[in-house]
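Engineer: here is the input, now give the coordinates:
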Amino acid sequence: LIQFFFSYDSQIFMSMAKTRAFRFLWARVVESYSNDRELQCAQIFARSSLRMLSLYDPWTNILRTTSATMGAALSDIPVIETFSFDRAINESYNNENSEYFTIARRLSRNISHILSEESYLSKVLDPAGGSYFLEALTLDFNQRAWAIFQDIERQGGMVNCLKSGKIQQWVEETREKRRSKIQKRQDIITGVNNFANPKENFFDKCSPKEEESFHVELKDCDPKLTKNIVEASRNYKPFDLSSKLMGEVLLEAYAKGFSFSKAAQILHSQSEVDRIQSLNKFRSAQAYEDLRQKCELKNIKLRAIVSLIIQGDYAELSSRINFIKNIFETLGLSVEEVLAGSPLSQSKMSEAKINICVLVANNEEYPNLVVDFLSLSTKHDAYAYLAGKMDEELLDSLQEKGIIDNLYSGQNIYQVLENLVHRMEKDYEEN
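Structural biologist: Numbers count the residues shown, from 1 in each chain. Model prediction:
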């Protein structure tokens with residue numbers, strides 16, 4: 001019996017096309033070896049993708065897991081595991097005492113019930129059939145996946161590609177493309193890299209889990225069992241069912257009181273065993289979340305204030321103002337607006353330990369405003385930024401005068417924020 005487990009994210013149509021393409025390709029492969037019609041029907045089980053879940057604003061995960069479950073249901077998957085909205089938190093943090101713990105599991109169950117019993121998704125056979133968009137997307141998936149499959153076969157099969165690192169390289173390239181889009185905010189993660197809630201304090205609700213230690217003293221191990229495990233590891237060949245399987249040896253050792261942690265350390269110490277580089281877990285939101293957590297743990301969030309110095313018509317600059325506010329709120333920082341003509345005594349700059357000033361105006365007005373702006377930022381020892389994309393020569397000249405950077409759409413916002421947090425950390429330690 002061969003079963004497949006797929007992870008589904010919030011992109012419903014991509015999930016449906018992926019499943020349809022796999023079923024077609026699996027049937028094509030099996031047909032080459034057997035006429036068994038039952039075997040040609042792939043048994044697929046679905047679960048929510050951990051990659052799409054976030055630590056901050058976790059309630060938004062309910063929408064993500066609902067979309068993932070819907071994509072799996074519309075793909076005619078018989079068994080679907082819907083993650084609770086706090087699943088990403090549970091991976092690394094204790095949240096038994098948080099407001100999420102008691103309700104999260106009930107809500108995850110209700111998602112499946114509502115989609116099945118109220119939306120009747122389980123009552124429709126192949127709802128995507130006949131859709132030109134999905135059929136075209138499925139065909140594209142078929143062609144691309146088959147080309148990759150043939151490439152793997154030419155290189156000696158899946159095991160050889162894993163040993164050589166080819167599969168890991170492909171996965172990392174895909175991750176890097178996704179990472180770049182997220183850092184530039186071309187892909188939006190609500191509550192993380194856009195529309196973040198600056199008042200949310202993650203560590204008020206959760207605490208890090210203590211890392212478990214698997215260190216053991218090999219001198220206390222049974223020499224005979226140790227020898228059996230070492231020999232099994234050296235003689236083990238994947239998919240060779242004629243030899244004694246590694247699992248049998250481990251179970252035999254475990255039955256005699258030999259812990260799996262000890263066996264794992266013995267196996268890890270055998271340099272003769274072919275090793276396959278593992279793939280680390282990847283969550284799309286993690287990079288931004290790490291920066292925000294750093295601000296919380298270093299108390300930067302409580303010490304800093306972002307002041308938007310607005311020079312010009314507010315309605316005309318509103319989109320630029322909201323863009324800049326969203327950037328700094330991803331770090332959980334408080335943002336205030338200082339309108340043209342308003343007395344600076346009403347500003348919170350004099351109260352803050354760390355000041356970040358952003359001049360918001362039309363680009364052509366910056367040369368006339370930057371002198372007074374830099375005087376203000378210097379007075380409050382602030383990090384100075386400009387809103388909008390500048391000409392490179394103009395930006396170079398302004399940076400020589402004290403401007404750190406300009407902020408604009410399409411920029412790698414993550415790198416800008418990372419540099420800012422690094423500056424604040426350094427200054428915080430020096431003071």
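Engineer: pretty sure Ile310 contacts Val360?
Structural biologist: Yes: Ile310 is within contact range of Val360, at 4.9 Å (criterion: Cβ atoms under 8 Å). No exception for glycine: its C-beta is placed from N, CA and C like everyone else's.
Engineer: what sits in contact with each of these two?
Structural biologist: Leu317, Ile321 (Cβ atoms under 8 Å, 6 or more residues apart in numbering).
Engineer: which ones are touching Tyr366?
Structural biologist: Leu359, Leu386, Gly388, Met390, Leu394, Leu398.
Engineer: is it in a helix, a strand, or coil?
Structural biologist: helix (DSSP: H, G, I helix; E, B strand; the rest coil).
Engineer: what's the spacing between it and Glu336?
Structural biologist: From Tyr366 across to Glu336, the span is 21 Å (Cβ to Cβ, to the nearest Å).
Engineer: tell me which helix or strand comes right after the longest helix that the chain contains.
Structural biologist: With secondary structure taken from DSSP state H, the chain has its longest helix at helix 132-154. As assigned by DSSP states H and E, the chain's next helix or strand after helix 132-154 is helix 158-164.
Engineer: could you pull out the buried residues of the helix or strand that that following helix is followed by?
Structural biologist: As assigned by DSSP H and E, the chain's next helix or strand after helix 158-164 is helix 166-183. The neighbour-count check on helix 166-183 (16 or more other Cβ atoms under 10 Å) flags Lys166, Ile167, Gln168, Arg179, Ile182, Gln183 as buried.
Engineer: ok now helix 166-183, how far from the chain's centre?
Structural biologist: 12 Å (Cα atoms, centre = their mean, to the nearest Å).
Engineer: contacts for stretch 421-431 next, please.
Structural biologist: In contact with stretch 421-431 (Cβ under 8 Å, 6+ apart) are residues Leu291, Lys294, Cys295, Lys298, Ile300, Arg303, Ala304, Leu331, Ile354, Tyr383, Ile404.
Engineer: how far does stretch 321-338 stretch from start to finish?
Structural biologist: 11 Å (Cα to Cα, to the nearest Å).
Engineer: now that stretch: buried residues?
Structural biologist: 321, 323-335, 337-338.
Engineer: tell me which of those residues fall in helices.
Structural biologist: Going by DSSP H, the helices hold Ile321, Phe323, Ile324, Lys325, Asn326, Ile327, Phe328, Glu329 from the buried residues of stretch 321-338.
Engineer: can you put these in JSON lines and add pLDDT?
Structural biologist: Below are these laid out as JSON lines (pLDDT from 0 to 100):
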{"residue": "Ile321", "pLDDT": "96"}
{"residue": "Phe323", "pLDDT": "96"}
{"residue": "Ile324", "pLDDT": "96"}
{"residue": "Lys325", "pLDDT": "96"}
{"residue": "Asn326", "pLDDT": "96"}
{"residue": "Ile327", "pLDDT": "96"}
{"residue": "Phe328", "pLDDT": "96"}
{"residue": "Glu329", "pLDDT": "96"}
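Engineer: let me know the closest of those residues to Asp76.
Structural biologist: Asn326 (39.1 Å; Cβ to Cβ).
Engineer: just the pLDDT for Arg109.
Structural biologist: The model reports Arg109 with a pLDDT of 92.
Engineer: my bad, should have said Glu231
Structural biologist: We have a pLDDT of 61 for Glu231.
Engineer: likewise for Ser207?
Structural biologist: 75.
Engineer: can you get me a residue count around the residue lying closest to it once chain neighbours are set aside?
Structural biologist: Ranked by Cβ to Cβ, 6 or more residues apart in numbering and with sequence neighbours excluded, the top spatial neighbour of Ser207 is Asn94, at 5.1 Å. For Asn94, the neighbour count with other Cβ atoms under 10 Å is 15.
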